[in-house]
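Chemist: I'd like to go over a predicted model; first the sequence, then the structure.
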Amino acid sequence: MAWLLLLFLSLVWGSSFILMKKGLEVYTSDELGAARITIACLVLLPFALNNIRKVESAKWKYLVACGLIGNLFPAFLFAYAETRLASGLAGVLNSLTSLFTLLIGAIFFRQRITSLRLVGILIGIMGTTVLILGGSEKENSDNAYFGLYVVLATIMYGGSLNIIKFRLQGIPALTMASLALFSVGPVAFTYLCSTSFFHKLTSASGGLEALAYIGVLAILSTAIGLILYSKLIHLTTTLFASSSTYLMPIVALLWGLLDGEQIHLIHYAGMAIILAGVFIVNRNK
C-alpha cells in the first residue's frame, strides 16, 4: 500500500508543474496560488465542517502550521518560480524536500540519521544536480534566482511533513487535510477577490481552460494529494514519504518533453541516480 501511494503521488505531483505552467498562461502567479488553495478548500469543506469539533484544541496550532507552510505559502512560491523556471526544472528542484525533511526531523524532532540514509539522500541530491546541470548554461544563469523560491518551498514542505508525522499522529488523513486547508482557505479566497482573477475568468481568452488546469491541480495535487500524503506519512516514515519528491522530477521532465521542453541524455542519467538514491534510503530500517 505504501509503495502504491508513493507511486501515485509521484505521478500526481509530478504532473502539477505542467498544470501550473498552463494556468500561468492566463493568470498571474498570485492568482494561481490563491485559486489553487481556494478550490482545494471548497472540495474538502464538507469534511472539514463535519470534523471541526472532533479535533482537540491543542492540535489546531499544528493544523494551521501545516495549512500555512504545507499548502498556502508553497502554492504562491511555486507559481511565482514557474514564471521563469521551466516546469521540469521546478520538479527537479522539488527533490530537495527529502533533504530538508531529514535535517528538520533531526534538529527539531530528534529523528535519527543513519549513515545509509545520509548516503541515499546525498545520491538523490547528486542526481538532482545532474538534472539541473543538464540544461543550457543560459537557462541556468537566468533562472537560478527564481530557483531559490522553490528551495524555500521545499524547506517548508520538510517542516510540514515532520509536523504531520510527530504532532498530528492519530488524526485521520481526511480530517487532517480538510482542516489544514480550511484554516487557510478563507485567507486565499479573500486575497483572490482583490485580484483580477474573476475579470480574467469571464473576459480573457482561454480563461476557462486555464481555470480547468488550476482546478485539476487543486483537486488532485492539493486536496486528494494531501489526504494520501498524510496517510502515507502515518503508514511509514517521513523519509519514505518524502521520497516521492525524488520520483516526481521524472514525471515533470517527461511532461515538459511532451510540451516541447528539451530533455537530453544527461537528464536520463540524473533520473537513474535519483532512483538509486530512493532505493538506498528506503531499504534502511
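Modeler: Received, thanks.

Chemist: tell me what the lengthiest helix in the chain is packed against?
Modeler: Looking across the chain with DSSP state H, the single longest helix is helix 137-167. For helix 137-167, the packing partners by 3 or more CB pairs under 8 Å, 6 or more residues apart in numbering; DSSP states H and E come out as helix 60-67, helix 73-81, helix 87-93, helix 96-108, helix 225-235, helix 238-242. Every C-beta, even on glycine, is put in place using the N, C-alpha and C of the backbone.

Chemist: give me the low-pLDDT residue ranges for the stretch 101-250 of the chain?
Modeler: Along the stretch 101-250 of the chain, the parts satisfying pLDDT under 70 run over 131-132, 134-144, 239, 245.

Chemist: one more pass at 50, please.
Modeler: The model of the stretch 101-250 of the chain has pLDDT under 50 over residues 136-139, 141.

Chemist: as a quick check, tell me the outermost residue of the chain.
Modeler: Taking CA atoms, centre = their mean, the residue of the chain most remote from its mean C-alpha position is residue 203, at 30.5 Å.

Chemist: and the nearest residue to residue 277 once chain neighbours are set aside, how many neighbours does it have?
Modeler: Excluding its sequence neighbours, the residue lying closest to residue 277 (CB to CB, 6 or more residues apart in numbering) is residue 124, at 3.1 Å. Using other CB atoms under 10 Å, residue 124 has 28 other residues around it.

Chemist: residue 124: helix or strand, and which one exactly?
Modeler: In this assignment (DSSP states H and E), residue 124 forms part of helix 115-133.

Chemist: so that helix versus helix 96-108, what angle?
Modeler: 140 degrees (axes from the mean of the first three to the mean of the last three CA atoms, to 10 degrees).
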